[in-house]
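>>> build the 3D model from these lines:
(2 chains)
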Amino acid sequence: MENTENKKNNSEEELKLSRRNLFAIAGWGGLLTSMAASVGAALRFMFPNVLYEPSPIVKLGKTSDYAEGSITFNESERMFIFRDSTGFKVISAICTHLRCTVNWSEINNRFECPCHGSVFSTDGKVISGPAPKPLEWLHVKASPDKRLVVNKNKVVDKNYSLIV
Amino acid sequence: MENKNKFDLRETLSYFAFEVPVKLYRSIIRHGYPDSEKNKSLLIFTNFFLHILPVKVRKHTVKVRYSYCMGGITLLLFIILTITGGLLMFYYVPSTEKAYQNMKDLEFAVSFGVFLRNMHRWGAHGMVATVFLHMCRVFYTGAYKPPREFNWVIGVILLVSTLFLSFTGYLLPWDQLAFWAITVGATIASYAPMGDLQRFVLLGGNTVDQGALIRFYVAHVFLLPLVTTLLIGVHLWRVRKDGGMSGPPL
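Residues are numbered from 1 along each chain as shown, chains lettered A, B, ... in the order given. The predicted structure follows:
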């Protein structure tokens, strides 16, 4: 009888939160919470909200500047402009492997990446190499002053064409 | 009594010439002449710069062909890189408009600039090499085994931070090699889980531009050296605590 009563008393004492423990929990809890919040804030700080990057929508030359049947490479915007008998198609020159700029090979009639040897056909499909995806066809339209406007963030189907 | 308060030139001179220097010396060097075992030990562990060295070592430890001093050479290169890097910072501005010109100025217009830049460059290449060789030595002598397994883990983190220091330093000249290396490197990061987010935070945007340059610069001259210095301290301390350099059983 005595033993069981002792046990009961002990467990009751364990359950009781002493003033010292309460302050310890509050202190540590406050410290750890504020540290976690600081780390979280520092991590969020590393993601900028405003970017001063060039616009993904770029204005190129006049539609009349491109000869029929020509393939023009725009180095700064990293894209190829195809002018066929009906209109314009624009393909991104950014290799889908590691973002190097692909070259147009006149002899082999295909795109070749100088970095890791990916090869793409005229319609952007991967022929060989480490590239996992075909080259992206980009949305192109004509501005009122008859110039090409390409949206680098807008990927279109390979059959998409700007009819002029 | 009256005499004692009087100014005595001889006494004053001898005080400043002998007592003050001795007091100063004793305040810095707090042990006697190292002719006893005790004073020899005190010489090492009362000196901040020497205290990481063990007072006594086992015989094989001092044989060059046991470790080829690869860890020590790595530390020496890190110190050289810190000094040369600190000096290069006086002429380098991490701006996309100035960085390349600053780098060229260091090569052609600044006295000893090309020497310091090349010391920094070759020191960095050397450090990557010696870190790997050090790792090989530790592996082949079985020095990663208990009780040294935790120090191997710290060593792996140090290897990664060395590689990150190399990678971040790569972008700073802002030339074609740098630009495409970081374009490729950041895209490799994008293949990892949450990769696009990683690439974004690494470059501070979507393109390799000013945001990326300043991030790589801060990581290269502040964050990574801080982490590396701290871990080198822990690494050396652990070597001491685990009984000095590994070796055959006693």
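>>> next to chain A, which bits of chain B? Give me the list.
By C-beta under 8 Å from any C-beta of the partner chain, the part of chain B that sits against chain A consists of B:180, B:183-184, B:187-188, B:200-201, B:204-207, B:209-211. To be clear about C-beta, it is placed using only N, CA and C from the backbone, and glycine gets the same treatment.
>>> rerun at 10 Å
For chain B, the residues found near chain A under the criterion C-beta under 10 Å from any C-beta of the partner chain are B:180, B:183-188, B:190-191, B:197, B:199-202, B:204-211, B:215.
>>> how is chain B partitioned into domains?
B:1-62, B:63-241 (automatic domain parsing).
>>> show me how far the first one is from its chain's centre.
Just to be clear, that refers to domain B:1-62. 30 Å (C-alpha atoms, centre = their mean, to the nearest Å).
>>> in chain B, where's the longest helix?
With DSSP state H applied, the helix covering the greatest number of residues in chain B is identified as helix B:113-140.
>>> show me what counts as buried in that one.
Using 16 or more other C-beta atoms under 10 Å in any protein chain shown as the burial criterion, the residues of helix B:113-140 that qualify are B:113, B:116-117, B:119-120, B:123-124, B:126-128, B:130-131, B:134-135, B:137-138.
>>> pLDDT averaged over the helix or strand just after that helix - what is it?
Moving toward the C-terminus from helix B:113-140, the next helix or strand (DSSP states H and E) is helix B:149-171. Averaged across helix B:149-171, pLDDT comes to 97.
>>> let me know the average pLDDT across the helix or strand harbouring residue A:26.
Taking DSSP H and E as the definition, residue A:26 sits inside helix A:19-45. Helix A:19-45 carries an average pLDDT of 96.
>>> how near is the closest residue to residue B:154 other than its chain neighbours to chain A?
In space, residue B:154 comes closest to residue B:235 once its chain neighbours are excluded; the distance is 5.1 Å by C-beta to C-beta, 6 or more residues apart in numbering or on different chains. With the distance defined as C-beta to the nearest C-beta, to the nearest Å, residue B:235 ends up 25 Å from chain A.
>>> ok so, going back, may I see the domains of chain B arranged in JSON lines, with distance to residue A:93 as well?
Compiled in JSON lines, those are given as follows (distance: least, C-beta to C-beta, whole Å):
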{"stretch": "domain B:1-62", "distance to residue A:93": "54"}
{"stretch": "domain B:63-241", "distance to residue A:93": "13"}
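>>> give me whichever of those domains is most buried.
The highest mean neighbour count among those belongs to domain B:63-241 (a mean of 16), with neighbours defined as mean count of other C-beta atoms under 10 Å in any protein chain shown.
>>> wait, a strand at residue B:43?
No - counting by DSSP: H, G, I helix; E, B strand; the rest coil, residue B:43 is not part of a strand but helix.
>>> pLDDT below threshold where in chain A?
Of all residues in chain A, those with pLDDT under 70 make up the ranges A:1-15.
>>> one more time with 80, if that's ok
Within chain A, the segments meeting pLDDT under 80 span A:1-16.
>>> what sits up against the longest strand seen in it?
Across chain A, the strand with the greatest residue count (assigned by DSSP state E) is strand A:147-156. Outside strand A:147-156, the residues within contact range by C-beta atoms under 10 Å, 6 or more residues apart in numbering or on different chains are A:54-66, A:72, A:74, A:77-79, A:81, A:83, A:88-90, A:92, A:94, A:136-143, A:160, A:162, A:164, B:206.
>>> switch to 7 Å and redo it
A:56-63, A:79, A:81, A:88, A:90, A:136-143 (C-beta atoms under 7 Å, 6 or more residues apart in numbering or on different chains).
>>> export it as CSV, just CAs?
These are the backbone C-alpha positions of strand A:147-156, laid out as CSV (Å, rounded to 0.1, in the frame of the first residue of the first chain):
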residue,chain,number,x,y,z
ARG,A,147,9.7,44.1,-87.2
LEU,A,148,10.1,40.7,-85.6
VAL,A,149,9.2,40.4,-81.9
VAL,A,150,10.3,37.2,-80.2
ASN,A,151,9.2,36.0,-76.7
LYS,A,152,12.0,33.9,-75.3
ASN,A,153,9.8,32.6,-72.5
LYS,A,154,7.0,31.4,-74.8
VAL,A,155,7.7,28.0,-76.3
VAL,A,156,5.6,27.0,-79.2
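>>> taking the centroid of the chain, which residue is nearest it?
With no chain named, the answer covers chain A. Here the mean C-alpha position of chain A is nearest to the C-alpha of residue A:153 (C-alpha atoms, centre = their mean), at a distance of 9.6 Å.
>>> wrong chain, I was asking about chain B
The structure's chain B has its C-alpha centroid closest to residue B:78; by C-alpha atoms, centre = their mean the separation is 3.7 Å.
>>> please identify the helix or strand for that one.
With the criterion set as DSSP H and E, the secondary-structure element containing residue B:78 is helix B:70-88.
>>> that helix versus helix B:113-140: what angle between them?
Using axes from the mean of the first three to the mean of the last three C-alpha atoms, to 10 degrees, one finds that helix B:70-88 and helix B:113-140 are set 160 degrees apart in direction.
>>> which residues touch the next helix or strand after helix B:70-88?
Tracing the chain past helix B:70-88, the next element assigned as helix or strand by DSSP H and E is helix B:99-108. Here helix B:99-108 makes contact (C-beta under 7 Å, 6+ apart) with B:88, B:91-93, B:113-114, B:117, B:172-175, B:213.
>>> relative to helix B:149-171, how tilted is helix B:99-108?
Between the direction of helix B:99-108 and that of helix B:149-171, the angle (the same axes, to 10 degrees) works out to 100 degrees.
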